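when you get a sec, could you give me coordinates for this:
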Amino acid sequence: MKAAELRARSADDLQDELTELLRAQFGLRMQRATQQLSNNSQLRKVRRDIARVRTILAEKGQRQ
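All right, here's what the predicted structure looks like:
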């Protein structure tokens, strides 16, 4: 997901996206803990997407 795409979205959409990403991160962490995660790069990608969304929310003044 690119920052330009995120900037075009509303703050409510970004909050929803953040919630989805946090749930995905939790699921991936659980898979890693039970050694079911085969692609560790997914965790890094989700973590960076969370940071992107939080940064843009902060820019818009809509911090969680």
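
from the contact counts, what lies against the lengthiest helix in the chain?
The single longest helix within the chain, with elements called by DSSP state H, is helix 11-33. Helices and strands touching helix 11-33, as assessed by 3 or more Cβ pairs under 8 Å, 6 or more residues apart in numbering; DSSP states H and E, comprise helix 41-60. In short, each C-beta sits where N, CA and C put it, glycine included.

list the buried residues for stretch 9-27?
By neighbour count, with 16 or more other Cβ atoms under 10 Å as the criterion, the buried positions of stretch 9-27 are 14, 17-18, 21, 24-25.

tell me the angle of the longest helix of the chain relative to helix 41-60?
Between helix 11-33 and helix 41-60, the angle formed by their directions is 150 degrees, by axes from the mean of the first three to the mean of the last three Cα atoms, to 10 degrees.

show me how far stretch 6-14 is from its chain's centre.
Relative to its parent chain, stretch 6-14 has a centroid offset of 13 Å by Cα atoms, centre = their mean, to the nearest Å.

show the end-to-end separation of that stretch, please.
7 Å (Cα to Cα, to the nearest Å).

for the record, mean pLDDT for it?
Along stretch 6-14, the predicted local confidence has a mean pLDDT of 92.

same deal with stretch 18-27?
pLDDT averaged over stretch 18-27 gives 97.

ok, now which ones touch Val46?
21, 24-25, 28 (Cβ atoms under 8 Å, 6 or more residues apart in numbering).

need the buried residues of stretch 9-27 in JSON lines with distance to Arg44, can you?
Written out in JSON lines, the entries for the buried residues of stretch 9-27 read as follows (distance: Cβ to Cβ, whole Å):
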{"residue": "Leu14", "distance to Arg44": "21"}
{"residue": "Glu17", "distance to Arg44": "18"}
{"residue": "Leu18", "distance to Arg44": "17"}
{"residue": "Leu21", "distance to Arg44": "13"}
{"residue": "Ala24", "distance to Arg44": "12"}
{"residue": "Gln25", "distance to Arg44": "10"}
